[in-house]
Each structure stands twice: as structure tokens, then as C-alpha cells.
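Q: I'd like to go over a predicted model; first the sequence, then the structure.
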Amino acid sequence: MSDLVIETKNLTRCYGEFVAVQSMNMQVLRGSIYGFLGENGAGKTTAIRMILGLIHATNGEVYLFGQSLKKNRHALLRHVGALVETPSAFGHLSGKDNLKYICKLRNIPYNQIDEVLDIVDLAYAKDKLVRKYSLGMRQRLSIAMALLGQPQLLILDEPTNGLDPSGIREIRDLIKSLPAKGYTILVSSHLLSEVEQIASHVGIIHAGQLLYQGEIENFTKRGQTMIHIKCSPITKAMQLLEENYPQVYLENGLFQMPGSEEQIDEIARLLVYNQISIHGIYLQQSNLESLFLDVIPKKQ
Ligand SMILES: Nc1ncnc2c1ncn2[C@@H]1O[C@H](COP(=O)(O)OP(=O)(O)OP(=O)(O)O)[C@@H](O)[C@H]1O
């Protein structure tokens, strides 16, 4: 069994002259939650639609579970559940009847219904009409629909769009619970904070190009630790620090420089020895946001 549930090779999609996705080599490992992160218009939906065989690639190929999608489209997509468009459950039917309807359409046994209702934690509301569901409940029902047919891979395109904070939390908790049940998840988002909270891996797409992919943890490790110092008088401190630490810079009254915990003592001694008052000195780890901004090209 392939360890890569999704692999794309030079996947490209053009709309006329415009390149929406460019030579994308995505690798999604079995059992992972892969956060596909990019600003609006970055190319996430286009890439996802190609992975699902909903649109053709202009160039390149998609492999699912180690096999070419081109050659085994129907057999492979049977193992994939997806939520790509806005949820479309019937409001005049109960949650359970909506699931029954999908089972009938796709020839899936009804005995899977209770199982997926349990996974998305909607068993208590299965007989309630969907029009009386909250948006978060509707979205969980849509995920239950995608889970019918016992897929191995679940693809969710911006599943928290339009939800309120409690709905977002419900979906987040649900997604986090899925790998333990044997699912691999590809979830797209334009929100860094969301990906940071749920994903084990991240792929960053910008203007159609996958600029980074790997474990979230490794991504965070790319960051430097910075020493932040608040001290006075500023002009004298600037002169002294620049002489000893050429990488230092001043921002909003705070001196900053790359460094480690061991250097803090040495810097503090230098400042005190030169009659500079220290109001604060501490170590700051780069956060995911600053790393993200480092990866994507600066706006002109
Ligand atoms: N059918 C189409 N014809 C022409 N251009 C398109 C088409 N579909 C998408 N695009 C363009 O391709 C780019 C990528 O769009 P895509 O929907 O994949 O981005 P996205 O990252 O999913 O963003 P969003 O979160 O806003 O949906 C955008 O500039 C979009 O305008």
C-alpha cells in the first residue's frame, strides 16, 4: 500500500494565458491532516478539482493511493470523499433522510448512516429537519455525506467558510478526530491560524505555485529565535549593540537580533557595564505567521 495517498506530478492548469496552478508536486502522506494554505485566488480549489478529476489538468498527473487517476478514475475515486462546493442538503428532510438519499444515489448500504452520524456527532439530531440545523450542524452533515462509502481520503475545501466561532470549533474538532479513525485529510484554508491548529502537514500555495510543503513542526523550526531588548538611552545602546552585533535592528523602540538563550547574559552584561538601563530582555520564537510571510513573495 502506497504511503502517499495523494501525489501530483507537475500538475498544471491554465485558463487561456493565465496559469492558475503551476507544476505542482504535492505529496500527502497516509494518516496525515494536510493543510493546504493559500490566500483567496491562490489556486487551491483549482488544484483540488484536478485531484478529484472534476476538471482536466493542462499538464501533469494526479496519483491517488499510488495509482494514476487518469487510468483508474472510477475505482480510485470510490475511496475519496469530498466537500468542495457549498453544502447542499435538503432543508425539508431530516439529517438521516438526507443521508439515506445519498446512499440510494450511490448504492451504499443504509447501515453506514448511523456510523457517519456518530463520527460527526449528529446522532442526537438525526431526525430533526435540516432547515432547523445551525450552519455548523449543516456543515457536519455535509462531512457525514462525504464519509458515506467509507473513503480513505477526505478532501475538504474551506470547510469552515461562513461559520461562526463555535461552528468553526466543531469542524476543527471533528477534523482532528478523523486520522485516528483511519482517514487521511486534505483541508484547504486561507487562514493560517486554522491550519496551525489542525494540520500535521502544511502545503503553502501562492499564485498557483506550491512554495513549501512538509511537517508543520519542521516549518516552525525554520524560524530563528530572536532576542528582543528594551533599554535606554536608545542612541547609546544602538551604537554599542551595532558594534558588537551587526545584525541588530531597532523596531518600535525594541532592539531585535537573531540569537540564543545563552547570549542573553552576555548582552545584558555588556549593556549594564556601559551604564545602559535594561527594561526588558527576552527570547522570541518566530511564529507561523511571520514564517508564512517569509515564504510568500512580498507585494510590490
Ligand atoms: N473557470 C475559470 N476561468 C478562469 N479563471 C479561473 C477559473 N477558475 C478559477 N480561475 C482563476 O484561477 C485562480 C485560482 O482560483 P481558485 O478558485 O483555484 O483559488 P482558491 O485558492 O481556491 O481561492 P478561493 O479561496 O478564493 O476560492 C483565480 O485567479 C481565479 O480567478
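A: Sure thing, it's come through. What you see is a predicted model; the values in this text were computed from it and never measured. Residues are numbered from 1 along each chain as shown.

Q: Only C-alpha atoms from now on, for both contacts and neighbour counts.
A: OK.

Q: So, low pLDDT: which residues of this structure?
A: Residue ranges of the chain with pLDDT under 70: 1, 86-87, 221-224, 285-290, 297-300.

Q: near the ligand, which residues of it show up?
A: Within reach of the ligand by C-alpha under 6 Å from any ligand atom, the chain has these residues: 15, 20, 38, 40-46.

Q: for the residue in the stretch 101-250 of the chain that the ligand sits nearest to, what are its contacts?
A: Distances between the stretch 101-250 of the chain and the ligand by C-alpha to the nearest ligand atom are smallest at residue 190, namely 6.5 Å. Taking C-alpha atoms under 8 Å, 6 or more residues apart in numbering as the criterion, residue 190 is in contact with 37-40, 158.

Q: Now, of those, which are buried?
A: Buried members of the contacts of residue 190, scored by 16 or more other C-alpha atoms under 10 Å, are 37-38, 158.

Q: Now the buried members of the residues of the chain next to the ligand.
A: 20, 38, 42-46.

Q: ok, back up a step: looking at the residues of the chain next to the ligand, which are in strands?
A: 15, 20 (DSSP state E).

Q: where do the helices sit along the stretch 201-300 of the chain?
A: All helices of the stretch 201-300 of the chain, identified by DSSP state H, counting those that start in this stretch, fall at 216-221, 234-244, 261-273, 288-295.

Q: on that earlier part again, okay, the buried ones among the residues of the chain next to the ligand in JSON lines with distance to residue 84 next?
A: JSON lines is the format used below for those (distance: C-alpha to C-alpha, whole Å):
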{"residue": "20", "distance to residue 84": "17"}
{"residue": "38", "distance to residue 84": "16"}
{"residue": "42", "distance to residue 84": "16"}
{"residue": "43", "distance to residue 84": "13"}
{"residue": "44", "distance to residue 84": "11"}
{"residue": "45", "distance to residue 84": "8"}
{"residue": "46", "distance to residue 84": "10"}
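
Q: that older thread, just the buried ones among the contacts of residue 190 now: which is nearest residue 195?
A: Residue 195 lies nearest to residue 37 out of the buried ones among the contacts of residue 190, by C-alpha to C-alpha, at 7.1 Å.

Q: How is this structure divided into domains?
A: For the chain, automatic domain parsing gives the domain ranges 4-220, 225-286.

Q: contacting residues around the particular helix or strand that has residue 115 in it?
A: Secondary structure assignment for residue 115, by DSSP states H and E: helix 112-119. Residues from elsewhere that reach helix 112-119 (C-alpha under 8 Å, 6+ apart): 96, 99-100, 123, 126, 141, 144-145, 147-149, 174.

Q: If we go by neighbour counts, what in stretch 117-127 is buried?
A: For stretch 117-127, by 16+ other C-alpha under 10 Å, it's 117, 119-123, 125-126.
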